[in-house]
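Student: No letters, just coordinates:
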């Protein structure tokens, strides 16, 4: 479903601001200041082809939105995903443009897991669901705009969900990315007078499922499971449960083999299935008055610094103001997710040049050492 595009100029006029930020725009500045310079200050058209993640992520979001809006049936979700996946393959987009083996590995997990998500889609029991809710939010003196994937209304709370087809966030990535959800929470608070204690913020990581089961000590355990390996990753627990119910080793082996081959938990006996509880894999982000206040201060501090750099750039045209040295950890992003090639992205071009010089120098040194030590050993 195509979004109704808001009139940005009218919004800027209404709020008396010169610019509007989005999570994408803000996170670009934090992650790659030079790309921010190219895209939002110089306004240079990106020269990199679209990437696999953005394309398929948009498709997944559109399918969920269409279902929530009652435009398609539950059974249509997986069919549409499969059709779009075929179109994607024809387009030739890659997950990893530099490594065929890694591209194949990523493709297998990504596509199988998201396909499984739509095969097993769990409809919400919310009173009402609003998809792609457009919202503007004042974050201190800076105005943000964006679309919330899903707002679900229940009797006693509202749940804000951001669907993700990416790998689950951990450590610093989780800490950095949670700001997006907190901005949404601040927006719900501002626009609808919704108390923070009445809302929950979460990601739904589509590639995973949450599996809960009773352990031998009587306590329940929940695990994150890859959707394309559900039976495989729970095999030990399945065997234990089948033995407890009274199945023979042969029966256990046969049942697990069939279920694993089809990655279908429903092929196991019902009295074994009943021992497990499955749900989407949600990761929740806390929000309250203090967290909202701290987030607003942090965003304003970062954007204040950016505005200083922007004003200096307009006076000097000095690209170095937004320069951030590229490391090997940045290469996957720049090659597969970034908007600009090394022809335009100067820090990336410099990284490539330095590494070529290093490799050339290394080859020269290796030849020199081979010549020196080869002569020594030949004289012995």
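Tutor: The structure has been received and is ready for your questions. Worth saying up front: this structure is predicted, and the values here are computed from it rather than measured.

Student: For the rest of this, base every contact and every neighbour count on C-alpha atoms.
Tutor: OK.

Student: give me the number of residues near the nearest residue to residue 187 once chain neighbours are set aside?
Tutor: The shortest distance from residue 187 to any non-neighbouring residue, by Cα to Cα, 6 or more residues apart in numbering, is to residue 137 (5.0 Å). A count of neighbours around residue 137, defined by other Cα atoms under 10 Å, yields 22.

Student: quick one: residue 137 and residue 185 touch, right?
Tutor: No - taking contacts as Cα atoms under 8 Å, residue 137 lies outside contact range of residue 185: 9.7 Å.

Student: before we move on, the earlier item: need the contact list for the residue nearest to residue 187.
Tutor: 143, 144, 145, 183, 186, 187, 190, 191 (Cα atoms under 8 Å, 6 or more residues apart in numbering).

Student: Buried residues, the strand or helix carrying the last one. List them.
Tutor: Secondary structure assignment for residue 191, by DSSP states H and E: helix 171-192. By 16 or more other Cα atoms under 10 Å, the buried positions in helix 171-192 come out as 178, 179, 180, 181, 182, 183, 184, 185, 186, 187, 188, 189.

Student: Which residue is the nearest non-sequential neighbour of the first one?
Tutor: When you say that, I think you mean residue 178. residue 285 (6.6 Å).

Student: Beta-bridge partners for the one you found, please?
Tutor: Under DSSP bridges, the beta-bridge partners of residue 285 are residue 201.

Student: dump the residue contacts of it.
Tutor: So residue 285 contacts 178, 181, 182, 200, 201, 202 (Cα under 8 Å, 6+ apart).

Student: try residue 324
Tutor: 32, 33, 34, 347.

Student: In strands, which of these fall?
Tutor: Assigned to strands by DSSP state E, none of the contacts of residue 324 qualify.

Student: Buried subset of these, written for PyMOL?
Tutor: Filtering these down to the buried ones (16+ other Cα under 10 Å) takes a single PyMOL command:
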select buried, resi 32+33+34+347
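
Student: from the contacts of residue 324, which is closest to residue 261?
Tutor: residue 32 (43.2 Å; Cα to Cα).

Student: From residue 307, how far out is that closest one?
Tutor: Residue 32 is 15 Å from residue 307, where distance means Cα to Cα, to the nearest Å.

Student: Residue 25 too?
Tutor: 14 Å.

Student: The two - which one has more neighbours?
Tutor: Each of residue 25 and residue 307 has its neighbours counted (other Cα under 10 Å); residue 25 has more, 14 against 11.

Student: quick one, phi/psi of that one?
Tutor: phi -70, psi -50 (degrees, to the nearest 10).

Student: Check residue 92 too.
Tutor: Note on residue 92: its backbone torsions stand at phi 80, psi 20 [degrees, to the nearest 10].

Student: re earlier: ok, the contacts of residue 137 vs residue 211, which is closest?
Tutor: residue 183 (29.9 Å).

Student: For residue 206, which non-adjacent residue is closest in space?
Tutor: residue 165 (5.3 Å).

Student: and that neighbour, how many neighbours?
Tutor: The number of residues packed near residue 165 is 21, by other Cα under 10 Å.

Student: Check residue 16 too.
Tutor: Around residue 16 there are 10 residues (other Cα under 10 Å).
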